[in-house]
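Undergrad: pasting the sequence and the predicted coordinates here, then a few questions.
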Amino acid sequence: MPSSDLAVFEQECRAFLQANAQPVAHRSAQWGVGDDALSGYAAIDPADDLARVQTAKRWKALEYDAGFGWLSGPASAGGGGLTAEHERLYLSMRAEYDLPSLGVFVISLGMVASSFQSFGSPEVQALVPQMHRGDLIGCQLFSEPGAGSDLAGLTTRAELDGDEWVITGQKVWTSVAHHSDWGLLLARSETTSSKHDGLTAFALDMSTPGVEVRPLEMMTRGREFNEVFFDQVRIPDSRRLGEAGKGWRTAIATLMNERALGAAGSDLFGVERTLERLRLTLQQPGMGADDPVIRQAFARAYSMAQTIRYQAMAADARREAGLPPGPAESVFKLANTNTLQEIVHLAGVIWGARAIADTGEWGAYSWADMILTMPGMRIAGGTDEVMRNILGERVLGLPKDPLPTGGTA
């Protein structure tokens with residue numbers, strides 16, 4: 001296992017990364033070289049997509065077996081038993097190397113695995129090390145067609161039958177469900193006067209009979225999101241997460257972890273990568289680097305990106321102090337999407353019609369996917385409006401919005 005001494009640990013990280021990957025600097029980070037794709041939701045051939053996932057799994061297995069796959073996890077559960085500072089240091093060093101895309105694990109490790117570990121039975125907890133090794137992938141089965149941002153309004157049913165639960169209903173916008181082995185499912189098990197009560201959370205084996213996954217094609221022609229249908233799906237009670245009828249607690253903990261992902265030490269939303277592409281764009285002749293308005297807009301986007309970094313450092317300090325993620329972490333999602341919106345808007349101004357013309361010019365049409373992706377990014381993982389409400393009500397103490405029918409939300 002890696003050393004707890006930070007100086008020795010840093011040397012061990014460097015030795016592992018140098019032995020198994022090439023530094024990014026060894027790639028020619030220059031205009032016109034390599035793949036110019038920007039959006040993580042661009043169209044990809046299913047066979048290529050599967051190959052990409054398999055490559056990512058091999059890297060995760062290598063990383064985990066070397067002791068770097070779950071650094072801050074409890075040693076008793078298969079983790080490294082180290083601190084968030086160790087994890088942050090490793091992730092910052094890992095970002096310097098040219099690795100496979102690991103996006104397929106973001107939800108699996110950032111949300112599903114942590115909830116399995118916190119709320120699951122020993123049977124469910126045993127899955128967590130396999131998820132950190134990349135052997136298993138998880139998805140979050142929360143959103144529904146009729147609930148929108150009102151998660152507590154979900155209608156997927158869970159009915160107890162002996163020592164099993166029978167699930168009937170539908171989820172939607174489920175990222176990577178088509179690659180997932182397990183899902184964190186939230187369903188209504190009781191009808192109560194409060195819609196936040198009577199919910200129960202489960203660990204669902206996605207290969208269970210009655211589970212059907214249907215990919216959704218987006219404007220970008222990507223198929224990262226899915227509909228998931230449940231037709232009399234049976235789940236053993238041993239895979240229930242937390243108390244029956246108290247699933248809202250599990251859901252909130254999962255959502256708080258989701259909000260905190262922006263502080264997890266990686267470029268989850270692609271802000272740094274997209275900003276770097278914009279910088280390279282401005283270095284090209286005739287692309288507006290001499291225009292003071294464009295320079296000012298770029299400086300604003302750069303400053304916003306730096307602010308996210310400092311917010312992440314503060315969140316890491318809270319985590320290091322043993323504080324759980326809270327409503328304040330909603331600022332990360334809002335800050336990331338706001339910053340990306342600034343970057344993408346400026347790219348549209350710079351490129352103009354070339355951003356959608358697909359002339360074959362390197363670095364131009366790749367912005368089209370980002371332009372089409374941005375509306376979805378402002379919705380996925382909690383809409384900007386929901387994030388503002390959470391920050392206003394639960395952090396700043398502002399009153400709730402009035403409902404059109406009277407009362408408050």
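TA: Good, I have the coordinates.
Undergrad: who does the longest helix out of those in the chain touch, helix- and strand-wise?
TA: Counting residues, the longest helix in the chain under DSSP state H turns out to be helix 292-320. Where contact means 3 or more C-beta pairs under 8 Å, 6 or more residues apart in numbering; DSSP states H and E, helix 292-320 is packed against helix 84-94, helix 271-282, helix 330-351. Placement of C-beta: from N, CA and C, glycine included.
Undergrad: can you give the distance of the second one from its chain's centre?
TA: Counting by C-alpha atoms, centre = their mean, to the nearest Å, helix 271-282 is centred 21 Å from the centre of its parent chain.
Undergrad: which stretches of this structure have low pLDDT?
TA: The chain contains residues with pLDDT under 70 at 25-30, 259-268, 403-409.
Undergrad: return the longest strand anywhere in the chain as CSV; C-alpha atoms alone will do.
TA: If each strand of the chain is counted by residues according to DSSP state E, the longest one is strand 225-236. Extracted in CSV, the C-alpha atoms of strand 225-236 (Å, rounded to 0.1, in the frame of the first residue of the first chain):
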residue,chain,number,x,y,z
PHE,A,225,-28.4,8.7,-21.4
ASN,A,226,-31.1,6.0,-21.1
GLU,A,227,-34.6,5.1,-20.2
VAL,A,228,-34.9,2.2,-17.8
PHE,A,229,-38.1,0.2,-17.4
PHE,A,230,-39.0,-2.2,-14.5
ASP,A,231,-41.5,-4.9,-15.1
GLN,A,232,-42.1,-6.9,-11.9
VAL,A,233,-38.4,-6.7,-11.0
ARG,A,234,-37.6,-8.6,-7.8
ILE,A,235,-35.0,-7.4,-5.4
PRO,A,236,-34.0,-9.2,-2.2
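Undergrad: before we move on, back to that, mind putting the helices and strands packed on helix 292-320 into a markdown table with mean neighbour count?
TA: Formatted as a markdown table, the helices and strands packed on helix 292-320 follow (neighbours: other C-beta atoms under 10 Å):
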| stretch | mean neighbour count |
| --- | --- |
| helix 84-94 | 18 |
| helix 271-282 | 18 |
| helix 330-351 | 21 |
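Undergrad: quick one, which of those helices is nearest to residue 37?
TA: Nearest to residue 37 among the helices and strands packed on helix 292-320 is helix 271-282 (10.1 Å), distances taken as C-beta to C-beta.
Undergrad: just the CA coordinates for that closest one, please, in PDB.
TA: Only the C-alpha atoms of helix 271-282 are listed here, as PDB (Å, rounded to 0.1, in the frame of the first residue of the first chain):
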ATOM      1  CA  VAL A 271     -14.200  23.400 -17.800                       C
ATOM      2  CA  GLU A 272     -10.300  23.300 -17.800                       C
ATOM      3  CA  ARG A 273     -10.200  21.200 -21.000                       C
ATOM      4  CA  THR A 274     -12.700  23.500 -22.800                       C
ATOM      5  CA  LEU A 275     -11.000  26.700 -21.600                       C
ATOM      6  CA  GLU A 276      -7.600  25.400 -22.800                       C
ATOM      7  CA  ARG A 277      -9.100  24.700 -26.300                       C
ATOM      8  CA  LEU A 278     -10.500  28.300 -26.300                       C
ATOM      9  CA  ARG A 279      -7.000  29.600 -25.400                       C
ATOM     10  CA  LEU A 280      -5.500  27.700 -28.300                       C
ATOM     11  CA  THR A 281      -8.200  29.100 -30.500                       C
ATOM     12  CA  LEU A 282      -7.300  32.600 -29.600                       C
END
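Undergrad: thinking again about what came up before, tell me the angle of the longest helix of the chain relative to helix 84-94?
TA: Between helix 292-320 and helix 84-94, the angle comes out at 140 degrees (axes from the mean of the first three to the mean of the last three C-alpha atoms, to 10 degrees).
Undergrad: now the helices for the stretch 1-150 of the chain?
TA: 6-20, 46-65, 84-94, 106-107, 113-119, 122-125, 128-133 (DSSP state H, counting those that start in this stretch).
Undergrad: kindly reformat the ones you listed as a markdown table containing distance to residue 216.
TA: What follows is these, written out as a markdown table (distance: least, C-beta to C-beta, whole Å):
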| stretch | distance to residue 216 |
| --- | --- |
| helix 6-20 | 35 |
| helix 46-65 | 14 |
| helix 84-94 | 31 |
| helix 106-107 | 16 |
| helix 113-119 | 24 |
| helix 122-125 | 28 |
| helix 128-133 | 24 |
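Undergrad: go through these and name the closest to residue 253.
TA: Residue 253 lies closest to helix 113-119 among the helices of the stretch 1-150 of the chain, at 6.2 Å (C-beta to C-beta).
Undergrad: elements contacting that closest one?
TA: Helix 113-119 sits against helix 122-125, helix 128-133, strand 182-188, strand 199-205, strand 240-241, helix 247-260, with contacts defined as 3+ C-beta pairs under 8 Å, 6+ apart.
Undergrad: which one of those lies nearest to residue 151?
TA: Closest of the helices and strands packed on helix 113-119 to residue 151 is helix 247-260, at 6.5 Å (criterion: C-beta to C-beta).
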